[in-house]
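**Student:** sequence first, then the predicted structure, then my questions.
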Amino acid sequence: MPDLVKLDAVQLAQAIRSRRASCVEVMTAYLDHIDRHNPAVNAIVALQPREELLAQARERDAQLANGQVLGPMHGFPHAVKDLAPVKGIVSTRGSPIFRNFVPTADSLMVERIRNAGAILIGKTNSPEFGLGSHTYNQVYGLTRNPYDLTRSAGGSSGGAAVALALRMAPLADGSDFGGSLRNPAAWNNVLGFRPGFGRIPAEGGDVWTPGMTVAGPMARTVPDLAMLLGVQAGRDDRVPLSMEGPRLDLTGELSADMQGKRIGWLGDFGGFTPCEPGVLDVCRAALKTFESLGCVVEDASVGVELEPVWRALLVLRAWLAGGNIRDLYNDPVRRAQMKPEAIFEVESGLKLSAFDISAASVVRSQWYEAVRQLFQRYDYLIAPSAQVFPFDVKDNWPKEIAGQGMETYHEWQKGTFLITMTGCPALAVPAGFGEQGLPIGFQIVAPINAERACLQLGHAYQQATDWTARRLPPQFG
């Protein structure tokens, strides 16, 4: 690998600001690296012309020469997940309906990334409308796992995770409803952070109804995550339920004494979220690292029936995810271009009454209270970030886990959906590798508004393990 793409994001920012590396050198190194590795995995799409990107890099260098630093991502090449609109770059949402759609304005989050000094080089691949944790679509095709090209990269932030794993991007943005930041992080040996609702504002649609989709950062280290989170987070008047962002001092506040912290291991939620053989073994072995940090790790049980929570999730998912694309469904021409999972969500939503949605929301509130009570005993909860290892790219989704059939395209993600339903922040970190050499991870869950605590435990764990640097994809030898 070129030396510049080996640098973590924090290191790269320091190299650019100190002018030890020019923005043109950085851009050239990354574009060369993308040319070398992206064809095999198809993670970065809509890549912009090299000369245009180098011209922007020269402009960033000129700004530095005049003492102007736009922000922490000054001169960073950055590819935006292809669910967010980017001004001047084709933004398809993974759908043939938007194959040629070029936005005239950035989304709020993209606006912040651009204002932080990033140079937007293209998009990262995503499944259609972000539905499902396997990145494939009719526009760009499928994204492959860099640890085994015959396996899925996960999703819906699959392209983002692969770009990070292969060092084709210093940072990546993503989004998460049922695990879209967490599943691909687990399968690509990187980190993904789902913050609480409102921490990163997202405009559009109904700005008054708290949903379950959140944007979040992906990276190879926790300080890098914190860097991007600092760019993404913070109140915006366009989003009335947005929150003030965490102010993280990357030199100090991420480090904390973990001695005596109590961790509840949720595992497979008492069998409710079946796991492929080997997943729990790798995760349990990784829990010993927390014990070495002075944490107390215990098996934990939520103590409530989980089937009603899952059924409530299906209602809320159909209402929120289906509602977002209902206008497209109502047009027969566009409906014919939608994948079956998208049609499933809309048609499931059309069967619902307001009373169904209200009842599901009550169940969600009851589930949150059960987890809140659990946090009276534990500082953190931990569960697998995915219930299976990366599956065959030819399969749209796993139809069975450990002998248990999956009724829907997303049932195999129950373990991440359950955490989504709590509203709590969840940090996906690598746990290790299975017998076939495939990565898996777990999610560190903290109480509501405890994003910093989540990152602190993840930082201590990563410093002790450093999986992202220890186990590179096979392309790097």
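**Tutor:** Everything's here; your move. Residues are numbered from 1 along each chain as shown.
**Student:** and the helices in the stretch 1-150 of the chain?
**Tutor:** Using DSSP state H, counting those that start in this stretch, the helices found in the stretch 1-150 of the chain span residues 3-6, 9-17, 23-41, 50-65, 108-115.
**Student:** please name every helix or strand in contact with the shortest one.
**Tutor:** It stands for helix 3-6. Where contact means 3 or more Cβ pairs under 8 Å, 6 or more residues apart in numbering; DSSP states H and E, helix 3-6 is packed against helix 23-41. Backbone N, C-alpha and C define where each C-beta goes, glycine included.
**Student:** so which elements touch the helix it packs on?
**Tutor:** Partner elements for helix 23-41 (3+ Cβ pairs under 8 Å, 6+ apart): helix 3-6, helix 9-17, helix 50-65, strand 77-81, strand 119-124, strand 144-145.
**Student:** for the record, mean pLDDT for it?
**Tutor:** For helix 23-41, mean pLDDT rounds to 98.
**Student:** buried ones in that helix, by neighbour count?
**Tutor:** Of the residues in helix 23-41, those buried by neighbour count under the rule 16 or more other Cβ atoms under 10 Å are 23-31, 33-34, 37-38, 41.
**Student:** can you check stretch 66-85 too?
**Tutor:** 71-85.
**Student:** from the residues you listed, pick the one nearest Ala464.
**Tutor:** Pro72 (26.0 Å; Cβ to Cβ).
**Student:** distance of that closest one from His78?
**Tutor:** 12 Å (Cβ to Cβ, to the nearest Å).
**Student:** with Asp32 instead?
**Tutor:** 17 Å.
**Student:** my guess is Leu108 meets Val207, correct?
**Tutor:** No. Leu108 is not in contact with Val207 according to Cβ atoms under 8 Å; the separation is 10.8 Å.
**Student:** re earlier: can you list the buried residues of helix 23-41 in CSV and add distance to His459?
**Tutor:** Formatted as CSV, those follow (distance: Cβ to Cβ, whole Å):
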residue, distance to His459
Cys23, 28
Val24, 32
Glu25, 29
Val26, 25
Met27, 29
Thr28, 32
Ala29, 27
Tyr30, 26
Leu31, 31
His33, 27
Ile34, 29
His37, 28
Asn38, 30
Val41, 28
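**Student:** quick one: which of the helices of the stretch 1-150 of the chain is nearest Gly178?
**Tutor:** helix 108-115 (19.5 Å).
**Student:** list of residues touching the closest one?
**Tutor:** 70-71, 73, 78, 80, 84-87, 106, 120, 173, 200-203, 215, 231-232, 234, 236, 238-239 (Cβ atoms under 8 Å, 6 or more residues apart in numbering).
**Student:** quick one, it and strand 119-124 angle?
**Tutor:** 140 degrees (axes from the mean of the first three to the mean of the last three Cα atoms, to 10 degrees).
**Student:** list the buried ones in helix 108-115?
**Tutor:** 108-110, 112-114.
**Student:** what do you get for stretch 130-142?
**Tutor:** For stretch 130-142, by 16+ other Cβ under 10 Å, it's 130-137, 139-140, 142.
**Student:** how about stretch 257-275?
**Tutor:** Across stretch 257-275, burial judged by 16+ other Cβ under 10 Å covers 258, 261, 263-269, 272-275.
**Student:** what about that stretch, distance to the chain center?
**Tutor:** In terms of Cα atoms, centre = their mean, to the nearest Å, the gap separating the centre of stretch 257-275 from the centre of its chain is 21 Å.
**Student:** hey, where'd the strands end up in the stretch 301-450 of the chain?
**Tutor:** Secondary structure of the stretch 301-450 of the chain (DSSP state E, counting those that start in this stretch): strands located at 380-384, 400-401, 404-405, 426-433, 439-445.
**Student:** can you add mean neighbour count and give those strands back as a markdown table?
**Tutor:** Formatted as a markdown table, those follow (neighbours: other Cβ atoms under 10 Å):
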| stretch | mean neighbour count |
| --- | --- |
| strand 380-384 | 26 |
| strand 400-401 | 16 |
| strand 404-405 | 10 |
| strand 426-433 | 27 |
| strand 439-445 | 29 |
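**Student:** of these, which is nearest Ala46?
**Tutor:** strand 426-433 (25.8 Å).
**Student:** helices of the stretch 151-300 of the chain, start to end?
**Tutor:** 158-165, 182-188, 222-232, 279-292.
**Student:** quick one: which of those helices is nearest Ser348?
**Tutor:** If we rank those by Cβ to Cβ, the stretch that ends up nearest is helix 182-188, at 21.5 Å.
**Student:** quick one: mean pLDDT for that closest one?
**Tutor:** On average, helix 182-188 scores 98.
**Student:** so how far is that helix off the chain centroid?
**Tutor:** Mean-position distance between helix 182-188 and its chain equals 8 Å (Cα atoms, centre = their mean).
**Student:** and it, what other elements does it pack with?
**Tutor:** helix 158-165, strand 191-194, strand 426-433, strand 439-445.
**Student:** using TSV, please lay out those together with mean pLDDT and distance to Pro398.
**Tutor:** As requested, the helices and strands packed on helix 182-188 are arranged in TSV below (pLDDT from 0 to 100; distance: least, Cβ to Cβ, whole Å):
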stretch	mean pLDDT	distance to Pro398
helix 158-165	98	15
strand 191-194	98	20
strand 426-433	98	19
strand 439-445	98	14
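**Student:** export the ones you listed to JSON lines and append columns for distance to Lys288.
**Tutor:** Listed next are the helices and strands packed on helix 182-188 as JSON lines, based on distance: least, Cβ to Cβ, whole Å:
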{"stretch": "helix 158-165", "distance to Lys288": "25"}
{"stretch": "strand 191-194", "distance to Lys288": "20"}
{"stretch": "strand 426-433", "distance to Lys288": "11"}
{"stretch": "strand 439-445", "distance to Lys288": "13"}
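**Student:** could you find the closest non-adjacent residue to Gly303?
**Tutor:** The shortest distance from Gly303 to any non-neighbouring residue, by Cβ to Cβ, 6 or more residues apart in numbering, is to Ala370 (6.6 Å).
**Student:** which residues touch that neighbour?
**Tutor:** 302-304.
**Student:** could I get these as CSV with distance to Leu287, neighbour count and pLDDT?
**Tutor:** Formatted as CSV, these follow (distance: Cβ to Cβ, whole Å; neighbours: other Cβ atoms under 10 Å; pLDDT from 0 to 100):
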residue, distance to Leu287, neighbour count, pLDDT
Val302, 18, 20, 95
Gly303, 21, 9, 93
Val304, 23, 14, 96
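**Student:** closest to Ile444 out of those residues?
**Tutor:** Relative to Ile444, and with distances defined as Cβ to Cβ, the nearest of the contacts of Ala370 is Val302, at 16.6 Å.
**Student:** how close does that closest one sit to Ala29?
**Tutor:** 47 Å.
**Student:** for Pro39, same thing?
**Tutor:** Pro39 sits 18 Å away from Ala29, going by Cβ to Cβ.
**Student:** next: Ser107.
**Tutor:** For Ser107 relative to Ala29 (Cβ to Cβ), the value is 28 Å.
**Student:** also Met406?
**Tutor:** The value you get for Met406 to Ala29, if Cβ to Cβ is used, is 42 Å.
**Student:** what do you get for Gly403?
**Tutor:** 48 Å.
**Student:** next: Pro49.
**Tutor:** Pro49 is 17 Å from Ala29, by Cβ to Cβ.
**Student:** likewise Cys295?
**Tutor:** 39 Å.
**Student:** what sits against Asp268?
**Tutor:** Contacts of Asp268 by Cβ under 8 Å, 6+ apart are 274-275, 280, 384, 387, 415.
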